[in-house]
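Asker: Got a predicted structure here, sequence first:
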Amino acid sequence: MTEPAPRPGYPTALGASDLKTITLLGHDLAEDIMGSVGFGELAFWLATQRRPTAGETRVFEAVLAALADHGFTPTAIVTRLTYLSAPDSVQGALAAGLLGGGSRFLGVTEDTGRFLHDVLESLDGALPTDEAAWDELALRTVRERREAGQFVPGLGHHVHKEGDPRTPRLMRIAHEEGVFGPHLALFAAIGRMHPAVLRRTLPLNGAGVCGAALADLGLPLPLLRGFALLARTAGLIGQLAEELRHPVAQDIFLSVDRNNLPVPPTPHAAGPLEEERREE
Ligand SMILES: CC(C)(COP(=O)(O)OP(=O)(O)OC[C@H]1O[C@@H](n2cnc3c(N)ncnc32)[C@H](O)[C@@H]1OP(=O)(O)O)[C@@H](O)C(=O)NCCC(=O)NCCSC(=O)C[C@@](O)(CC(=O)O)C(=O)O
């Protein structure tokens, strides 16, 4: 007689349900979590499978607030335009906006967290212990980045040329909650030292400081973009809610369409710009 095949097992500590109950992270969802645990706290808990402290929750939720919306950014414009074209697909409009979270805007949250983490990981000895040592490390880091012909993630902003208000505020909150760690320390030092290398003063931007703070909170680096997208999803829902009440997408569309400037075709030839783009 043949043995019955072993029953497959798919381990999960997340949601599970039977006829009458739903458990999440080992707790009764309806009784222990709904009405007791805030959404930000739950998002942290789901990603780490440990309940955050009140201080960690405050920093995490400050990050979500910082990244929720920044006006007519590419993500917001794309969401509104996609909704104009496909009002039957809210999910399509949200997804279209979220797809724009990349290395120039929004996705920089993860790029910065990973970048800072890689620098810290590459250190032979212990972490710097005073500001002068952090500054020395930052100087070296920016110099290497420049020599490699790469931008420093988290540096620069299309609007906040004189400083992004989110950056000092998040650093202050992290200090207050005792979670200002090495990623934020290195990021702050880059803010102090980059002018000596780049010969210009650029702001430490909101997306970057959020990445540094999330890395200091110990959240998984490969998921940092996910938290930026979680925050932006709320913002994009706000953009769509406003679009329903005070539409602008049609004007954006017509403004571009009515102002198109016909020019003669330019035959394609691979040039330095194209090479540069390939490298990005
Ligand atoms: C952000 C921006 C595209 C700005 O461009 P801009 O062209 O306006 O920069 P400019 O000030 O004109 O640059 C002056 C000179 O500095 C040089 N330069 C600039 N940045 C430099 C740098 N990092 N390393 C070395 N050099 C640099 C540049 O090459 C130029 O050199 P040169 O040509 O010789 O004069 C640019 O910085 C950049 O790519 N940064 C790195 C990626 C980054 O951190 N992105 C996050 C942006 S925030 C965000 O994502 C949140 C969000 O925005 C998103 C949303 O909602 O979607 C929101 O707020 O929520």
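Answerer: Alright, I've got the coordinates. Bear in mind the structure is a predicted one, so any value in this text is a computation, not a measurement. Numbering: from 1, shown residues only.
Asker: contacting residues for whatever residue of the stretch 151-280 of the chain ends up closest to the ligand?
Answerer: Going by CB to the nearest ligand atom, the ligand is nearest to residue 156 of the stretch 151-280 of the chain, at 2.0 Å. To be clear about C-beta, it is placed using only N, CA and C from the backbone, and glycine gets the same treatment. Taking CB atoms under 8 Å, 6 or more residues apart in numbering, we find residue 156 in contact with 202-203, 205.
Asker: do residue 89 as well
Answerer: Counted by CB under 8 Å, 6+ apart, residue 89 has contacts 82-83.
Asker: Flag every buried residue along stretch 15-27.
Answerer: 23-25 (16 or more other CB atoms under 10 Å).
Asker: First-to-last residue distance for that stretch?
Answerer: Start-to-end span of stretch 15-27 (CA to CA, to the nearest Å) is 9 Å.
Asker: And residue 266, its phi and psi?
Answerer: Note on residue 266: its backbone torsions stand at phi -110, psi 110 [degrees, to the nearest 10].
Asker: what's the pLDDT at it?
Answerer: We have a pLDDT of 91 for residue 266.
Asker: What count of nearby residues applies to it?
Answerer: Neighbourhood size, residue 266 [other CB atoms under 10 Å]: 6.
Asker: ok, so of the buried residues of stretch 15-27, who is nearest residue 61?
Answerer: Residue 61 has its nearest neighbour among those in residue 25, at 18.4 Å by CB to CB.
Asker: quick one: the closest one and residue 45 touch, right?
Answerer: Yes: the pair residue 25 / residue 45 is scored as a contact, 6.1 Å apart, by CB atoms under 8 Å.
Asker: picking up where we left off before, who wins for neighbours among the contacts of residue 156?
Answerer: Busiest of these [other CB under 10 Å] is residue 205, holding 25 neighbours.
Asker: tell me the contacts of it?
Answerer: 108, 154-157, 160, 164, 166-167 are the contacts of residue 205 under CB under 8 Å, 6+ apart.
Asker: domain ranges for this protein?
Answerer: 38-101+223-250, 108-219 (automatic domain parsing).
Asker: quick one: the strands in the stretch 1-150 of the chain?
Answerer: Secondary structure of the stretch 1-150 of the chain, counting by DSSP state E, counting those that start in this stretch: strands at 16-17, 22-24, 27-28.
Asker: what's the distance between residue 214 and residue 46?
Answerer: Noted for residue 214: a distance of 14 Å to residue 46, by CB to CB, to the nearest Å.
Asker: which of the two has more neighbours?
Answerer: Taking other CB under 10 Å, residue 214 and residue 46 do not tie; residue 214 has more neighbours (27 against 13).
Asker: Leaving out sequence neighbours, find the closest residue to that one.
Answerer: residue 224 (5.3 Å; CB to CB, 6 or more residues apart in numbering).
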